[in-house]
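[1] starting from these lines, generate the structure:
(chains A and B)
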Number of protein chains: 2
Amino acid sequence: IKKSWNDLQELAGRAWEMGHSDPRKVIFATKMGLALSIVSFLIFWKQSYHDISQYSIWAILTVIVMFEYTIGATFIKGFNRGLGTFCAGILAFFFSELTLLAGQWEEVVIVISIFITGFFASYLKLYPSMKPYEYGFRVFILTYCILMVAGNRTRGYLEAIVTRLVLIAVGAGVCLVINIFIYPIWSGEDLHHLVVKNFKGLAASLEACVNGYLKGIEYETVPSTLLTCQAADDPLYSGYRSVVDSARQEDTLLGFAVWEPPHGRYKMFNYPWKNYVKVSGALRHCAFTVMALHGCILSEIQAPAERRQVFRNELQMVGAAGAKVLLELGRKVERMEKLGPGDVLREVHEAAEQLQKKIDKRSYILVNSESWEIGRRPKTIECLEDLLDKDKESVQLGFKSLSESVLDLSSLPVETPLKNGGSKDIFRKQIAWPLRHPFNGDAVAEEDEYNTYESASAMSLGTFVSLVIEFVARLQNVVDTFEELSEKADFEEPFVNVPTT
Amino acid sequence: IKKSWNDLQELAGRAWEMGHSDPRKVIFATKMGLALSIVSFLIFWKQSYHDISQYSIWAILTVIVMFEYTIGATFIKGFNRGLGTFCAGILAFFFSELTLLAGQWEEVVIVISIFITGFFASYLKLYPSMKPYEYGFRVFILTYCILMVAGNRTRGYLEAIVTRLVLIAVGAGVCLVINIFIYPIWSGEDLHHLVVKNFKGLAASLEACVNGYLKGIEYETVPSTLLTCQAADDPLYSGYRSVVDSARQEDTLLGFAVWEPPHGRYKMFNYPWKNYVKVSGALRHCAFTVMALHGCILSEIQAPAERRQVFRNELQMVGAAGAKVLLELGRKVERMEKLGPGDVLREVHEAAEQLQKKIDKRSYILVNSESWEIGRRPKTIECLEDLLDKDKESVQLGFKSLSESVLDLSSLPVETPLKNGGSKDIFRKQIAWPLRHPFNGDAVAEEDEYNTYESASAMSLGTFVSLVIEFVARLQNVVDTFEELSEKADFEEPFVNVPTT
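    Okay, here's the model as predicted:
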């Protein structure tokens, strides 16, 4: 008993915390309680009519079913309920006339009509484009059955139909009034916030990815949740994952938002909610590159840390500029402002260009020339060291030249060729790299293998850089969709200081 | 009127087609009709008791709400309904005793109790881990309210509670019997098929991607649906998209499948449905690389076609072997067989190794040495031509050496440097490549720019190759999760011929 008491306390604690972090949930629950009480109150009031209290179930049922978290969802449910009930009422009216004509076969006619109605409604609701109206079909069958059975019992088909429709209308009215006029919760607003959150999450993920790659963060064992695409605590991962995963949620919110009347900051009929989803889609397209960048970090083949340092400044600049663009766009969406007169992408494009130029000049770092059939390149070693000096990076490690390391390998193949932190991993990873034919002890073959690995490892840096540049290219599309949104949704002109041209 | 008649005909035609392509939908609708008729029939039968027919709504409501497409979903709904009703019944019993004590304040107590119940149930159902029981909370509130109101009207709280519970049990019984014993539709089976379908889709996408890249397919204008991650007709895209998108659907099916009793080929308690989702997750992890490969095809920066041809054979081999592994695994999952004694990944690993070695030897193709600070590499041109000859590829195009092209550029910067199909695109794309600083007419600067582009374009081939290799590395994880599944689900040993070692 004591244990379950503790459990209960814990549950209460967590429930309290939920209310604390999102007060809208408390408000929703209060509104729901209020709507129910009002409906049940109405029933008592009219006790003199006797009959109405018996049908009170209809108003209560309507409230329970229609009262959804957001206003858009309430409207959809209400529409479905109204339409379903209305159609069922009409159909029931015609069939009830038929049953009265059928005489002693009345009950057979009723059962058959219920079978037919149930069959068609269940069948049609499986049609893909009917999905949003699934609930309407359910209400349709329910109402039809109940009207037939109840009408049959009391013989008052028409009265049964009308009373129910009126009570449903009362319930729906109470729902709408309470949901709209007491602290409304709008789907559109949720969608807006979701898009903004996606921008921020992706920006954080991008920067974490680039910095993590440069710092050479390693996963000792890659968590299996990452490998099977499940949720994980990794902050780098959760940022882009929520962008990638929010597609379904956005569609749901969009479905609700289009039903909502103009409100608050969205004072426009036919507000372009669709464009928010489009912006988020373009953002998702970017997120897939960030995901691929993360894939480079998770990969078994890793570029040595020194080589990464060569592009350190440029990569960091692109990462920071890209994140800045995302944050800027996110802020613009949040404040509903248009883009300023300057080109928001200029900085990130310049950074990408710098990176591209550096690669152009030093792409030999991205390949391993040891085994070129066309002859080895000259003077690589001194240059690689020169470069690191020139870049004035703080990477003055116990750095061994590549040719030496190759010599080492032919004699002592297990010796780590590069003595800094990254090198250990090369070998740990090399074991994991699936070369299946057995080592034959021949030093030449091993050198061959080592070179092959070395080359793959150098190329992985190239891949990372390419993906970063691809990310920048995809940003253009995000900006385009944002501009379309800001036009259609009539965002405000930004507050511009004196232009500085 | 004629138009709406045509519309109706079209609708009927499409509905007929849906039934034709998936007869299970027709069967489901028939079962639903049958269940409803039976329940409504039961009501007539007992018309002598009068009271029961009045409460018939409960059995009908139960059938309409519980009767879901698959058996697992029906079980969950039934469980929720049963638990919700039961709890509400107990609570209503205690509160009814309380209201009877309250005397003239009875109605106030009822309304307050409804408010409190509504508040707590609405609040707790918003707690994330309560999501699957959302429906149960709804039923709870509904039942509680109705019992209170109805009991108050007739003063027979206990009778009201018991009658309703019995009728709900009858409805639930009819649902379960009909749904399980007449042509059952299992969620588990759907999940199984979905996983198999994902394997096939991804295999098709992978091969299409690799072949498309080698053939140099181009998107004249990239469809905006791709850029915003929406559904599109592109067969290459739809294959991996369904893998990437099916996560939510798998979770839903998993949620239903775990409720289903052992059946058909899945004769085991606690059948490891979770592992199917895990295999699919690992597959999704692979799918993201295919997505990145597709990104290379969509990208603005493209590697020239001749360079792609250098790796043609190896890339095709890896693509074909990878697709073969996926298809093989998909077939194993479909037939529920364990892996054979051989290593299913051997072929694809060998192919990847070949590719890797080729890259190692010819990685100079992946970079542009024109602007290296450490001196240009020797003899590139003859070698590149030699290579193409050596590979006996059919790419004997009007091929101009790189050094010539550079010379051309310094004098005539707009001349296409490579005369085959790929070269046009380079320039078309180059315009799109966002280098913003103005062309200053200086030939040297332009050559510089051209080289930068050239280098990015060459690197994009390297990225493609790296991603293919990364894909192969990720396959290991799919095989591992498959083996875990095949152990836990006790798949059959494959039918092995005489082993050929």
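[2] helix or strand: which one has the nearest residue to A:Gly295 once chain neighbours are set aside?
    Leaving aside its sequence neighbours, A:Gly295 sits nearest to B:Glu470 (C-beta to C-beta, 6 or more residues apart in numbering or on different chains; 6.5 Å). (Each C-beta comes from the backbone N, C-alpha and C, glycine too.) With elements taken from DSSP states H and E, the one containing B:Glu470 is helix B:443-488.
[3] surely the residue nearest to A:Gly295 meets A:Leu298?
    No - taking contacts as C-beta atoms under 8 Å, B:Glu470 lies outside contact range of A:Leu298: 9.4 Å.
[4] who has more neighbours, those two?
    B:Glu470 (26 against 19; other C-beta atoms under 10 Å in any protein chain shown).
[5] near chain B at all, stretch A:259-272?
    No - counting by C-beta under 8 Å from any C-beta of the partner chain, chain B has no neighbours in stretch A:259-272; the shortest distance is 13.9 Å.
[6] check stretch A:345-363 too.
    Yes - Stretch A:345-363 reaches chain B (C-beta under 8 Å from any C-beta) through A:345-346, A:349-350, A:352-353, A:356-357, A:359-363.
[7] what residue in the stretch 251-400 of chain A comes nearest to chain B?
    A:Gly281 (3.0 Å; C-beta to the nearest C-beta).
[8] mind checking pLDDT for the nearest residue to A:Phe269 once chain neighbours are set aside?
    The shortest distance from A:Phe269 to any non-neighbouring residue, by C-beta to C-beta, 6+ apart, is to A:Pro262 (6.1 Å). Confidence at A:Pro262, expressed as pLDDT, is 83.
[9] now A:Pro262: how far from A:Ile185?
    16 Å (C-beta to C-beta, to the nearest Å).
[10] the two - which one has more neighbours?
    A:Ile185 (19 against 12).
[11] wait, A:Ser299 sits on B:Ala473?
    Yes - if you go by C-beta under 8 Å, A:Ser299 and B:Ala473 touch, sitting 6.9 Å apart.
[12] tell me the contacts of A:Glu260?
    Listed by C-beta atoms under 8 Å, 6 or more residues apart in numbering or on different chains, the contact partners of A:Glu260 are A:Ile71, A:Gly72, A:Phe75, A:Trp186, A:Ser187, A:Gly188.
[13] make it 10 Å
    Listed by C-beta atoms under 10 Å, 6 or more residues apart in numbering or on different chains, the contact partners of A:Glu260 are A:70-75, A:180, A:184, A:186-189, A:266, A:271, A:273.
[14] ok, A:Ala257 next?
    A:70-73, A:186-192, A:250, A:266, A:271, A:273-274, A:276-277.
[15] the same query, at a cut-off of 7 Å, please.
    A:Gly72, A:Ser187, A:Gly188, A:Leu191, A:Trp273 (C-beta atoms under 7 Å, 6 or more residues apart in numbering or on different chains).
[16] ok, A:Gly201 next?
    A:Gly239, A:Tyr240, A:Ser242, A:Val243.
[17] how close does it get to A:Arg241?
    8 Å.
[18] what about stretch A:252-264, distance to the chain center?
    19 Å (C-alpha atoms, centre = their mean, to the nearest Å).
[19] between the two ends of that stretch, how far is it?
    21 Å (C-alpha to C-alpha, to the nearest Å).
[20] give me the buried positions along it.
    Buried positions in stretch A:252-264, judged by neighbour count with 16 or more other C-beta atoms under 10 Å in any protein chain shown: A:Thr252, A:Leu253, A:Leu254, A:Gly255, A:Phe256, A:Ala257, A:Val258, A:Trp259, A:Glu260.
[21] likewise for stretch A:323-339?
    Buried residues in stretch A:323-339 (16+ other C-beta under 10 Å): A:Ala323, A:Lys324, A:Val325, A:Leu326, A:Leu327, A:Glu328, A:Leu329, A:Gly330, A:Lys332, A:Val333, A:Lys338, A:Leu339.
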